[in-house]
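Visitor: no sequence for this one, just the structure:
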């Protein structure tokens, strides 16, 4: 205890010199605490997401057999809430619910349209008053159509629902419970010019758009709740059940519930996604740890050199004290331990300051990252042990030199 008190007294007597030597140790320890805390927070955030995607979970979606729609990766949604209620009773199903998807802020909206048990995916937009339509079959809109549920569809829509574009004229297609009379079939090359939106989906995805009068469009969108549109199902299998075997049972039941649907129900291997995310996270964490170790090594090495220089200066300044202690019986080992303890106290002080600064930096950084930074006990223990080792490694040479001084020469210097 006396050795520690004497060491602290000597450190206090040279505060500025000690602090200048400790800057790099503080930087190194701060880096360890800050970066490891951010890494831990990121890992926990990703782990929470990955936890929701486990080996007993998967999703089910539907892909249409329509070649045009599949080319553009467009999916139908033949799922209903009554389906979910029915599927929840299947053996092995712990939980099953909808995967919902909303809409973009645009004046083009997507619906399922059906005619005589045929279903297709249709994009609707309100017709502009000054639109110059290019109608291949049937007629264009008139003022009398403003209060009627009439629709102009594309060649693709007509092909999907009817035998030919000519057959579509005068037929009624059902969209979200509303029946719309087909009055015209558009040339798809000109359809995009009629959209009432600055963000044109046709330009980006080459998807044809059907058109209805403004009032009909507004009424349709108002009553159509996109928050309840089911684009897929999330399935959680019960414990001790294979999730894909349960998913196959669910899919078989869906085919029974929708026998006339043309397409394929498919599952997504979410466990693979979870493993992939964890692998990427571990890889990223490993890279971060390597950078932290490099920064810490450089900082502590420079800081250790500074501590060694301080101890050399201290030994030179206190040669008379060392000579007197040796003359009255102090052994070389006692002198070595005295200076070694002082070196360790200096580096521990730097470690404590580095931990404090690191924790403050972590708390400050939390305001600028989208997740919580989590300091770990391991990083603090690592910082503590490292500072002690730095004190021993870089203090042993000056301490050994002090213990080997000749008492007589030391007294008279």
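Guide: All right, it came through fine. Owing to the predicted nature of the structure, the values given are computational and were not obtained by experimental measurement. Numbers count the residues shown, from 1 in each chain.

Visitor: Every contact and neighbour count from this point should use C-alpha atoms.
Guide: Noted.

Visitor: Domain map for the protein?
Guide: Taking automatic domain parsing as the domain assignment, the ranges for the chain are 2-48+275-411, 109-226.

Visitor: Can you add mean pLDDT and mean neighbour count and give those back as CSV?
Guide: Below are these laid out as CSV (pLDDT from 0 to 100; neighbours: other Cα atoms under 10 Å):
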stretch, mean pLDDT, mean neighbour count
domain 2-48+275-411, 83, 19
domain 109-226, 69, 18
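
Visitor: check which helix or strand covers the residue nearest to the spatial centre of the chain.
Guide: A centroid search over the chain (Cα atoms, centre = their mean) returns residue 46, at 6.0 Å, as the residue closest to the centre. If you go by DSSP states H and E, residue 46 is part of helix 15-51.

Visitor: Show the subsequent helix or strand relative to that helix.
Guide: Next element after helix 15-51 (DSSP H and E): strand 57-64.

Visitor: and that next one, average pLDDT?
Guide: Mean pLDDT, strand 57-64: 79.

Visitor: in its sheet, what does it sit against?
Guide: With DSSP bridges as the criterion, the sheet partners recorded for strand 57-64 are strand 230-237 (antiparallel), strand 263-268 (antiparallel).

Visitor: Of these, which is nearest residue 96?
Guide: Of all these, it is strand 230-237 that lies closest to residue 96, at 4.6 Å by Cα to Cα.

Visitor: could you point out which element follows that closest one?
Guide: On the C-terminal side of strand 230-237, the closest following helix or strand by DSSP H and E is helix 243-257.

Visitor: Hmm, residue 155 and residue 134 touching each other?
Guide: No: under the contact definition of Cα atoms under 8 Å, residue 134 does not touch residue 155, with a separation of 11.8 Å.

Visitor: Quickly list what's touching both of the two.
Guide: 186-187 (Cα atoms under 8 Å, 6 or more residues apart in numbering).

Visitor: I would like the residues contacting stretch 25-41, please.
Guide: 285, 288-289, 292-293, 295-300, 302-304, 347, 350-351, 353-359, 361-362, 371-376, 379-380, 383, 387.

Visitor: and those residues, which of them are in helices?
Guide: Of those, the ones assigned to helices by DSSP state H are 285, 288-289, 292-293, 295-300, 302-304, 347, 350-351, 353-359, 361-362, 379-380, 383, 387.

Visitor: hang on, the earlier thing: so of the strands paired with strand 57-64, which one's packed in deepest?
Guide: strand 230-237 (a mean of 22; mean count of other Cα atoms under 10 Å).

Visitor: Quick check: mean pLDDT of that one?
Guide: Per-residue pLDDT over strand 230-237 has a mean of 80.

Visitor: Tell me what angle it forms with helix 243-257.
Guide: With axes from the mean of the first three to the mean of the last three Cα atoms, to 10 degrees defining the directions, strand 230-237 sits at 140 degrees from helix 243-257.

Visitor: roughly how far is strand 230-237 from the heart of the chain?
Guide: How far strand 230-237 lies from its chain's middle: 22 Å, per Cα atoms, centre = their mean, to the nearest Å.

Visitor: need the domains of the chain in a markdown table with distance to residue 85, can you?
Guide: Shown next, in a markdown table, are the domains of the chain (distance: least, Cα to Cα, whole Å):
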| stretch | distance to residue 85 |
| --- | --- |
| domain 2-48+275-411 | 28 |
| domain 109-226 | 20 |
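
Visitor: Which stretch among the ones you listed approaches residue 258 most closely?
Guide: Closest to residue 258 of the domains of the chain is domain 109-226 (Cα to Cα; 10.4 Å).

Visitor: sec struct for residue 170, please.
Guide: For residue 170, the secondary structure call by DSSP: H, G, I helix; E, B strand; the rest coil comes out as coil.

Visitor: Hmm, residue 181 and it touching each other?
Guide: Yes: with contact taken as Cα under 8 Å, residue 170 and residue 181 are classed as touching, separated by 5.9 Å.

Visitor: Next up, the contacts around residue 237.
Guide: Contacts were defined as Cα under 8 Å, 6+ apart; by that measure residue 237 touches 56-57, 92-95, 243, 246.

Visitor: go with 10 Å
Guide: Contacts of residue 237 were listed using Cα atoms under 10 Å, 6 or more residues apart in numbering, and they are 55-58, 91-96, 243-247.

Visitor: Now rank those residues by neighbours and give me the top one.
Guide: Neighbour counts for the contacts of residue 237 were taken using other Cα atoms under 10 Å; the highest belongs to residue 247, which has 25 neighbours.
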